[in-house]
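>>> quick one: sequence plus predicted model below, questions after.
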Amino acid sequence: MHRDTVAEVSIGAIRDNVARIKRALPARVKLMAVVKADGYGHGAAVAAAAAERAGADLLAVAYLDEALQLRAKGTLLPILILTPIHPAEVMFALEHDLMITVASADWFRRMAPYRHSSCRKKLKVHVKADTGLGRIGLRTREEWDELAPWLSAEDVEVDGFYTHFATASREDTRFLRQQADTFLAMKTWVAESGIAVRHYHCAGSAAALRFPELAMDMVRIGAAMFGFYPEELVRDVSLRPALSLRSRLIQVKLLRRGECLGYDNSYVAEEDQWIGTVPIGYADGWSQSLRHSEMLVNGIRVQVVGKICMDQLMVRLPGRCEPGDEVVLIGRQGEERITFKELAACVGSVPQEISTGLSERVERIYTE
Ligand SMILES: *Cc1c(COP(=O)(O)O)cnc(C)c1O
């Protein structure tokens with residue numbers, strides 16, 4: 001690639017993070033590495049391989065296509081698809097040995113005509129329970145009782161029963177505790193119906209790191225393997241971000257007092273000042289909502305000025321700089337550091353919205 005803007009991904013950081021998370025949990029707890037959305041923007045296959053080397057036991061993705069892409073790249077670990085697949089596509093799961101998420105008897109009813117009777121493989125499922133996130137999952141005893149007979153069929157294997165927390169990164173743990181209690185109550189439904197479940201799991205990154213006692217048989221780790229976690233609430237584990245984003249000034253100019261720049265004259269100079277142009281824009285995922293973010297030039301924080309364009313943006317420089325000078329948008333330069341967290345705060349979101357937002361046009365380069 002021929003661009004100055006690159007995302008550098010440290011494979012070693014992902015490995016270290018996974019290894020540290022594993023060490024923080026009881027030894028019998030399995031680690032499922034969640035590499036959906038192209039490994040949170042880091043590259044799914046690379047992240048999966050790094051996690052596997054560091055001891056991950058299984059993988060998870062959001063969609064069937066993501067699972068098929070991993071299989072096409074030769075990934076052999078078990079893979080769970082977290083979003084229910086279309087019933088008509090069940091053969092893909094069977095052929096590629098993918099575990100699927102189910103939440104209703106209705107799914108099985110609609111799937112039945114599509115399952116080839118000649119296929120001898122067992123369909124491996126994880127049942128999803130909704131304990132308060134309100135996204136996917138069964139909620140009532142009736143729904144469970146309707147689903148259970150489908151699960152006890154010869155050709156179905158229940159590899160997991162799981163739920164997902166809504167407030168695991170919040171300091172206030174009341175809702176999380178309530179969800180955990182609901183989940184434990186649902187476990188008794190499973191026991192009462194005599195269905196064997198291999199893994200119970202409920203914790204994503206934040207819950208697993210904050211409450212190892214909620215790890216049960218398995219944890220589903222996405223954010224934390226890339227270094228995203230509520231640091232202020234997790235004392236015993238220290239993780240580091242795996243991705244940094246760098247570019248270079250491609251033009252430097254003096255803007256005179258009263259002159260303006262940017263689309264719609266979005267910035268007017270109140271005094272003479274040096275301006276640099278950086279080759280990254282909203283088509284790279286550096287959205288307009290990052291307009292008030294900062295980046296680093298020569299170890300100093302600089303501000304974006306004017307509207308962010310599709311392919312470039314402008315920054316106000318601390319003084320005269322040279323075209324070619326390095327710009328750090330995420331990561332360290334000298335003593336300063338731009339964190340995912342501060343960028344996420346700019347857009348009112350979480351770090352992974354920044355990393356997954358980086359478009360394909362931003363080349364990922366990998367270091368050990
Ligand atoms: C994305 C996802 C995870 C991973 O969550 P992190 O907070 O990124 O670790 C776990 N479980 C489910 C159901 C998910 O959708």
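Okay, I see it. Residues are numbered from 1 along each chain as shown.
>>> quick one: the residue most central in space within the chain from the ligand, how far?
Among the residues of the chain, Tyr40 comes closest to the average C-alpha position under Cα atoms, centre = their mean, at 3.8 Å. Per Cβ to the nearest ligand atom, to the nearest Å, Tyr40 is found 7 Å from the ligand. C-beta: built from backbone N, CA, C; applies to glycine.
>>> my read: that residue touches Ala224, true?
No - between Tyr40 and Ala224 there is no contact under Cβ atoms under 8 Å: 10.3 Å.
>>> need the contact list for Ile354.
Gly285, Ile330, Phe340, Leu343, Ala344, Val347 (Cβ atoms under 8 Å, 6 or more residues apart in numbering).
>>> care to break the chain down by domain?
Domains of the chain are assigned by automatic domain parsing as 11-233, 243-367.
>>> dump those domains to TSV, plus distance to Met1 and mean pLDDT.
Shown next, in TSV, are these (distance: least, Cβ to Cβ, whole Å; pLDDT from 0 to 100):
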stretch	distance to Met1	mean pLDDT
domain 11-233	14	97
domain 243-367	4	97
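>>> looking at those domains, which is nearest to Asp4?
domain 243-367 (4.1 Å; Cβ to Cβ).
>>> skipping its backbone neighbours, what lies nearest Tyr200 in space?
Nearest residue to Tyr200, sequence neighbours excluded (Cβ to Cβ, 6 or more residues apart in numbering): Met216, at 4.6 Å.
>>> what number of residues lie near His2?
Residues lying near His2 (other Cβ atoms under 10 Å) number 4.
>>> that's a strand at it, yeah?
No - assigned with DSSP: H, G, I helix; E, B strand; the rest coil, His2 falls outside any strand and is coil.
>>> measure it to the ligand for me?
Distance, His2 to the ligand, by Cβ to the nearest ligand atom: 33 Å.
>>> just the pLDDT for that residue.
Looking at His2, its pLDDT is 85.
>>> can you report phi and psi for it?
With angles defined as degrees, to the nearest 10, His2 sits at phi -120, psi 30.
>>> hey, where'd the helices end up in the chain?
Listed in chain order, the helices of the chain (DSSP state H) span 11-24, 36-40, 44-53, 64-72, 90-95, 105-111, 141-151, 174-192, 205-210, 340-347, 351-357.
>>> then the second one to PDB, C-alphas only?
Output in PDB follows, covering the C-alpha atoms of helix 36-40 (Å, rounded to 0.1, in the frame of the first residue of the first chain):
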ATOM      1  CA  LYS A  36     -16.600 -10.600  15.400                       C
ATOM      2  CA  ALA A  37     -16.500  -7.400  13.300                       C
ATOM      3  CA  ASP A  38     -13.100  -8.400  11.800                       C
ATOM      4  CA  GLY A  39     -11.600  -8.900  15.300                       C
ATOM      5  CA  TYR A  40     -12.900  -5.500  16.500                       C
END
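>>> report all helices and strands that that helix contacts.
Contacts defined by 3 or more Cβ pairs under 8 Å, 6 or more residues apart in numbering; DSSP states H and E place helix 36-40 against helix 44-53, helix 64-72, helix 351-357.
>>> quick one: closest of those to Arg23.
Comparing the helices and strands packed on helix 36-40 by Cβ to Cβ, helix 44-53 comes nearest, at 14.3 Å.
>>> mind saving the C-alpha coords of that closest one as CSV?
C-alpha atoms of helix 44-53 as CSV (Å, rounded to 0.1, in the frame of the first residue of the first chain):
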residue,chain,number,x,y,z
ALA,A,44,-10.2,-11.6,12.6
ALA,A,45,-7.9,-14.3,11.4
VAL,A,46,-4.8,-12.7,13.0
ALA,A,47,-6.6,-12.1,16.2
ALA,A,48,-8.0,-15.6,16.3
ALA,A,49,-4.5,-17.1,15.7
ALA,A,50,-3.0,-14.9,18.4
ALA,A,51,-5.7,-15.9,20.9
GLU,A,52,-5.3,-19.5,20.1
ARG,A,53,-1.6,-19.4,20.7
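>>> thanks a lot, see you next time.
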